[in-house]
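Visitor: Sharing a sequence plus its predicted fold:
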Amino acid sequence: MRRSNRGFTLIEIMIVIAIIGIVITIGYPSLTEYVNKGRRTEVAGLLSEQAQILERYYSKNNVYTNATGLSAGNDFYTITPTLTDQTFLLTAVRKAGKAMAADKCGDFTITNTGVRSMVNATAGLVAKDCWGR
């Protein structure tokens, strides 16, 4: 009478651990970039929304100064408006110590003429890379 062996061998367990390690090594950076892209999209949308608020204010008052109802940002970016009578510049600066602090796209800006750009971004990136379409 032979006794059947049940369970896993040490080799089988080590192979499974190695496969899990490889999947994590490949998948984690992709997941991180996917999440960061979503956060960039969120702040780009927030800046566009703030620009629309300023344009509505300008159409009623013929100046951008003293506009109200602007957002201070979100969990990852602080939005700072620079307002004059005839122009504005909205800047979304990454918050130190937060997940986006070292993001390759840097800080986002938008002007009253609709020019979208980045400040402190990795060399070689253009606005389309970070702002999307």
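Guide: Everything's here; your move. Numbering: from 1, shown residues only.

Visitor: C-alpha from now on. contacts and neighbour counts both.
Guide: Noted.

Visitor: Would you mind measuring from Gly73 to Ile26?
Guide: To Ile26, Gly73 is 32 Å away according to C-alpha to C-alpha, to the nearest Å.

Visitor: Secondary structure class of the spatially most central residue of the chain, three-state.
Guide: In the chain, the C-alpha nearest the mean C-alpha coordinate belongs to Arg40, at 2.4 Å (C-alpha atoms, centre = their mean). Here Arg40 is recorded as helix under DSSP: H, G, I helix; E, B strand; the rest coil.

Visitor: what sits against it?
Guide: With contact taken as C-alpha atoms under 8 Å, 6 or more residues apart in numbering, Arg40 is in contact with Cys130, Trp131.

Visitor: one step back: more neighbours: which of Gly73 and Ile26?
Guide: Per other C-alpha atoms under 10 Å, whichever of Gly73 and Ile26 has more neighbours is Gly73, with 19 against 10.

Visitor: ok, the more buried one touching Pro81?
Guide: No. Using C-alpha atoms under 8 Å, Gly73 is not in contact with Pro81, being 10.7 Å away.

Visitor: name the element the closest residue to Asn74 other than its chain neighbours belongs to?
Guide: Closest residue in space to Asn74, ignoring its immediate chain neighbours: Val43 at 7.7 Å, by C-alpha to C-alpha, 6 or more residues apart in numbering. Here Val43 sits within helix 10-61, counting by DSSP states H and E.

Visitor: So which elements touch the following helix or strand past that helix?
Guide: The C-terminal neighbour of helix 10-61 among helices and strands, as given by DSSP H and E, is strand 77-83. On a contact count with 3 or more C-alpha pairs under 8 Å, 6 or more residues apart in numbering; DSSP states H and E, strand 77-83 meets strand 88-94.

Visitor: Report the angle between the strand it packs on and helix 10-61.
Guide: Angle, strand 88-94 to helix 10-61, by axes from the mean of the first three to the mean of the last three C-alpha atoms, to 10 degrees: 160 degrees.

Visitor: quick check: mean pLDDT across the helix or strand just after strand 88-94?
Guide: Note on strand 88-94: by DSSP H and E, the next helix or strand toward the C-terminus is strand 107-111. Averaging the model's pLDDT scores along strand 107-111 yields 95.
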